[in-house]
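1. Please work out how this folds:
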Amino acid sequence: MRYQHTDTNGNQLNLPLGKIVCVGRNYVAHAKELNNAVPDEPLLFLKPATAFSPFEFDINSSEASYPLHYELEIAVLIKNTLKNATSEEAEAAICGIGLALDLTYRDLQKALKDKGYPWEKAKAFDASCPTSQFYTGDIKAFNELEITLEINSQLRQHGKTTDMIVDIISLVQYSSCHFTLLPGDIVLTGTPAGVGVLSKGDTLTGKLDDYFMVTTSVK
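-> Numbers count the residues shown, from 1 in each chain. Below you'll find the predicted structure:
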């Protein structure tokens, strides 16, 4: 099944599949766990539309070129074109919030970084962004959200947006200054500490505050 943007009631949203703007090292603890410096400004990279896959579909590790690492993130779905947006325009352009996994070939990423090469091959491969449905109702303050990831019923990641270096609205605004954001694009907002490798047979359960939970497995 091809991924489509849908809401939490299962209704297809009238938005195309766009690009995925990702933000690296937006939680201090995550940057430190990978021995990375905390950036002075948002660290942006892109995934193409071919990276989308439905979150609830099995993650096929048998086709992976390297060990797969997980990173759970809040995903923000864009409904309006944004260029050099104000904070008010950025907030008004958000259609909904969801969860996404930024799947990563960490060993390959490190090897490419050590050579000074771009590392899209480690981040932007097909189906590298399992994405949930989006909650499109009233959203409480974006700086009061919380996410958790359990693997085999064990808590692996827990993050609050109050722990972000750059808040969600500012990330959308900043991204629009470097890439025109189009309807159907999503912005991933960084992952909290606790990332790690996936194993065949793992069951992952992500929770976005009190809005919804979503589950997937590794085959």
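
2. For stretch 175-187, the averaged confidence score.
-> For stretch 175-187, mean pLDDT rounds to 98.

3. just the strands in the protein please.
-> All strands of the chain, identified by DSSP state E, fall at 20-24, 43-47, 52-54, 69-70, 72-78, 94-101, 129-131, 146-151, 154-160, 186-188, 196-197, 203-208, 212-217.

4. Could you check how far the residue lying farthest from the centre of the chain is from Asn36?
-> Distance from the C-alpha centroid of the chain peaks at Lys115, with 25.7 Å (C-alpha atoms, centre = their mean). Relative to Asn36, Lys115 is positioned 17 Å away (C-beta to C-beta, to the nearest Å). In this view, the C-beta of every residue, glycine as well, is placed from N, C-alpha and C.

5. returning to that earlier point: how close does the residue farthest from the centre of the chain sit to Leu108?
-> Taking C-beta to C-beta, one finds Lys115 at 11 Å from Leu108.

6. How about Pro16?
-> 30 Å.

7. For the two, indicate the residue with more neighbours.
-> Neighbours were counted for Pro16 and for Leu108 using other C-beta atoms under 10 Å; Leu108 has more, 17 against 12.

8. residues contacting that one?
-> By C-beta atoms under 8 Å, 6 or more residues apart in numbering, the contact set of Leu108 is Ser65, Tyr66, Trp119, Lys121, Ala122.

9. Could you rerun that using 7 Å?
-> Tyr66, Lys121, Ala122 (C-beta atoms under 7 Å, 6 or more residues apart in numbering).

10. thought the first one was touching Asp107?
-> Yes: Tyr66 sits in contact with Asp107 when judged by C-beta atoms under 7 Å, with a separation of 5.2 Å.

11. what sits up against the worst-scoring helix or strand of the chain on mean pLDDT?
-> Across the helices and strands of the chain, mean pLDDT, DSSP states H and E gives its lowest value to helix 28-33, namely a mean of 74. Contact partners of helix 28-33, identified using C-beta under 7 Å, 6+ apart, comprise Arg25, Ala37, Val38, Ile165, Thr191, Pro192, Ala193, Val195.

12. what's the answer for stretch 196-210, then?
-> Under C-beta under 7 Å, 6+ apart, the answer for stretch 196-210 is 59, 61, 67-70, 72, 74, 97-99, 145-152, 156, 213-219.

13. chain center to that stretch: distance?
-> Stretch 196-210 has its C-alpha centroid displaced from the chain centroid by 13 Å (C-alpha atoms, centre = their mean, to the nearest Å).

14. Run a quick neighbour tally on the residue nearest to Pro39 when sequence neighbours are not counted.
-> Among residues not flanking Pro39 along the chain, Arg25 sits closest, at 5.4 Å (C-beta to C-beta, 6 or more residues apart in numbering). Counted with other C-beta under 10 Å, the neighbours of Arg25 add up to 18.
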